[in-house]
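Asker: Kindly return the folded structure for what I paste below:
(2 chains)
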Amino acid sequence: DAGITQSPRHKVTETGTPVTLRCHQTENHRYMYWYRQDPGHGLRLIHYSYGVKDTDKGEVSDGYSVSRSKTEDFLLTLESATSSQTSVYFCAIRTSGSTGELFFGEGSRLTVL
Amino acid sequence: GDSVTQMEGPVTLSEEAFLTINCTYTATGYPSLFWYVQYPGEGLQLLLKATKADDKGSNKGFEATYRKETTSFHLEKGSVQVSDSAVYFCALFTGANSKLTFGKGITLSVRP
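Answerer: This next block holds a predicted model:
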C-alpha cells in the first residue's frame, strides 16, 4: 500500500464550472503524476511534479493546471470544465531510486454534463 | 518520442488456455518495461517488470522477457483463470524524462 488517497472519488459537474481533484500521499515521495484514462487511449499523462512547486506538462495538459505547495498533496484543477474532460483521473507516485514503477491511487471519476 | 504498441483487443479465452499479449515499444536510451493490470473498478497495479535486456519479469504465473533485438515485451501465462479477467497495460520508463508511457491496454475476459 503506497498510501495514496484521491478525492473526490466521484464527481458530476456542469460545463464551465471549476473542478479540483486532490491527491494525497503519506510517504513523502518526490514524484507525483496525474493521468487520465479513456477508452481506446489507455492512460495519458496530464502533468507531473518532481518536488514542491516543481511541475511539468504531460501530453494532454491543455485545460488543466496543477499545484504542489506541500510534498504530500498534488492538486489537479480544471479551470472551466468541458465535456471532453469527462474521464477517470488517476494519481500516481514514484518512489525514489526506483526503476520507474508507479503506484496508483483508486481513481476519480469525473462527469462533465 | 517514446511509444508503446499493444495488440488489439478484446481477448476472450476459456479457463486454462494459454495467453499471449503482444507489446512492442519505441524508445530512446534503455527503458525499463512494465506490465500493469487493472481489475474492474480498481486502479492499476504493477504486475511485473524488467529493467534490462534479456531480463524476465514474473508474477502470479505471468511472465514477460525484455527483448531488445525485437523491441518487445510480450506477456504470457500458461493457464489463465477466471480471476485473471482484467485490463492489461504495457508501459515503459526512461529516466531522461521521468515519465511512464503506456500502451492503450487490452481487455482480457476468461470464461469458465
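Asker: any idea how far the residue nearest to residue A:68 when sequence neighbours are not counted is from chain B?
Answerer: Excluding the flanking residues, the one nearest residue A:68 by C-beta to C-beta, 6 or more residues apart in numbering or on different chains is residue A:49, at 4.5 Å. All C-beta atoms are positioned from the backbone trio N, CA, C, and that covers glycine. Here residue A:49 is placed at a distance of 10 Å from chain B (C-beta to the nearest C-beta, to the nearest Å).
Asker: Hmm, residue A:29 and residue A:49 touching each other?
Answerer: No: using C-beta atoms under 8 Å, residue A:49 is not in contact with residue A:29; the gap is 10.2 Å.
Asker: Among these two, which residue is more densely surrounded?
Answerer: Per other C-beta atoms under 10 Å in any protein chain shown, whichever of residue A:49 and residue A:29 has more neighbours is residue A:49, with 22 against 19.
Asker: Helix, strand, or coil at that one?
Answerer: Secondary structure, DSSP: H, G, I helix; E, B strand; the rest coil: residue A:49 is strand.
Asker: How are the strands of the chain distributed by residue range?
Answerer: Picking chain A for this. A:4-7, A:10-13, A:19-25, A:31-38, A:42-51, A:54-57, A:64-70, A:73-78, A:87-94, A:102-104, A:108-112 (DSSP state E).
Asker: My question was about chain B, not that one.
Answerer: Using DSSP E, strands in chain B cover B:3-6, B:11-14, B:19-21, B:23-26, B:32-38, B:44-50, B:56-59, B:62-65, B:75-77, B:86-94, B:99-102, B:106-111.
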